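S.K.: Model the structure of this input:
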Amino acid sequence: MDIQTNLKKVLNDLPPHVKLVAVSKTKPVEMIQAAYDCGQRDFGENKAQDMAAKFPQLPQDIRWHFIGHLQTNKVKYIAPFVSLIHAADSLKILKEINKQAIKNSRTIDYLLEFHIAEEESKFGLDRETAEDILKSDEYKQLKNIHLCGVMGMATNTDDVGLIHSEFRKLKETFDYLKSKYFPDTACFKEISMGMSGDYPIAIEEGATIVRVGSKIFGTRN
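M.R.: Numbers count the residues shown, from 1 in each chain. Okay, the predicted model is just below:
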């Protein structure tokens with residue numbers, strides 16, 4: 001397993017404006033360190049306690065991305081250091097992130113997760129619910145969280161046309177929210193979509209962040 005060769009291959013696929021989050025979930029710190037030594041700084045985890053355990057063992061300039069479904073009782077583990085939470089999907093979780101951000105005297109960046117796949121098992125908001133959140137007084141009082149864009153996961157399928165259409169739907173949602181709510185907000189700019197199997201399609205459809213694990217670290221343990 002040559003992590004550094006794999007990493008270079010993936011990076012060569014990416015245009016300059018697309019950020020790579022190396023998905024290190026289930027992987028030991030030695031493998032993360034190998035990617036770090038090759039210059040990678042953004043890493044993604046999907047379990048809060050795993051991420052909190054790895055954080056002190058690795059260089060402190062790593063930018064940690066939480067990419068899994070986040071439960072309210074787990075936010076406290078990552079709030080002191082997380083760089084970006086990719087999958088906020090309810091007002092309840094946003095209130096908890098804000099509460100923990102205040103406790104840690106910081107502002108936490110996050111993305112709203114949208115349900116774009118045909119699979120019911122995937123999490124995420126629809127546009128109407130997202131707008132209800134953004135317009136609510138409760139949301140407007142949350143001063144320690146910072147919305148940076150949107151995230152979504154396509155259907156796990158070989159149907160390339162379907163994947164294109166799902167990613168296109170997320171880009172359209174981003175454009176709609178940007179023009180309606182954040183026209184002058186420079187930090188509302190991220191579209192996190194695409195994983196090892198479909199990130200080239202995501203890039204074609206406008207991704208600014210891709211989340212790639214097995215193509216770098218090998219198949220999941």
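S.K.: Do you know the pLDDT at the spatially most central residue of the chain?
M.R.: Closest to where the C-alpha atoms of the chain average out (C-alpha atoms, centre = their mean) is residue 86, at 3.0 Å. We note a pLDDT of 98 for residue 86 in this prediction.
S.K.: tell me which strands and helices the helix or strand harbouring it is in contact with?
M.R.: Using DSSP states H and E, residue 86 falls within strand 84-88. Applying 3 or more C-beta pairs under 8 Å, 6 or more residues apart in numbering; DSSP states H and E, we find strand 84-88 packed against strand 63-66, helix 91-103, strand 108-114, strand 145-152. Quick note: C-beta positions are derived from backbone N, CA and C, even for glycine.
S.K.: which parts of the first one are buried?
M.R.: Of all the residues in strand 63-66, those buried under the rule 16 or more other C-beta atoms under 10 Å are 64-66.
S.K.: got it, and the third one?
M.R.: Residues of strand 108-114 classed as buried under the neighbour-count rule (16+ other C-beta under 10 Å) are 108-114.
S.K.: coming back round to it: save the helices and strands packed on strand 84-88 as a markdown table, and put in distance to residue 173 too.
M.R.: What follows is the helices and strands packed on strand 84-88, written out as a markdown table (distance: least, C-beta to C-beta, whole Å):
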| stretch | distance to residue 173 |
| --- | --- |
| strand 63-66 | 20 |
| helix 91-103 | 17 |
| strand 108-114 | 6 |
| strand 145-152 | 6 |
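S.K.: just for the chain, where's the confidence low?
M.R.: Within the chain, the segments meeting pLDDT under 70 span 1, 220-221.
S.K.: 50 instead, please
M.R.: For the chain, applying pLDDT under 50 flags no range at all.
S.K.: and the single longest helix found in it, how far from the chain's centre?
M.R.: Counting residues, the longest helix found in the chain (DSSP state H) is helix 160-181. Helix 160-181 has its C-alpha centroid displaced from the chain centroid by 16 Å (C-alpha atoms, centre = their mean, to the nearest Å).
S.K.: tell me the angle of that helix relative to strand 108-114?
M.R.: If you take axes from the mean of the first three to the mean of the last three C-alpha atoms, to 10 degrees, helix 160-181 sits at 130 degrees to strand 108-114.
S.K.: Which elements pack onto the helix or strand that helix 160-181 is followed by?
M.R.: Remark: after helix 160-181, the chain's next helix or strand is strand 190-192, criterion DSSP H and E. Judged by 3+ C-beta pairs under 8 Å, 6+ apart, the packing partners of strand 190-192 are strand 145-152, helix 160-181, strand 209-212.
S.K.: can you redo the ones you listed as TSV with distance to residue 201?
M.R.: TSV is the format used below for the helices and strands packed on strand 190-192 (distance: least, C-beta to C-beta, whole Å):
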stretch	distance to residue 201
strand 145-152	13
helix 160-181	5
strand 209-212	10
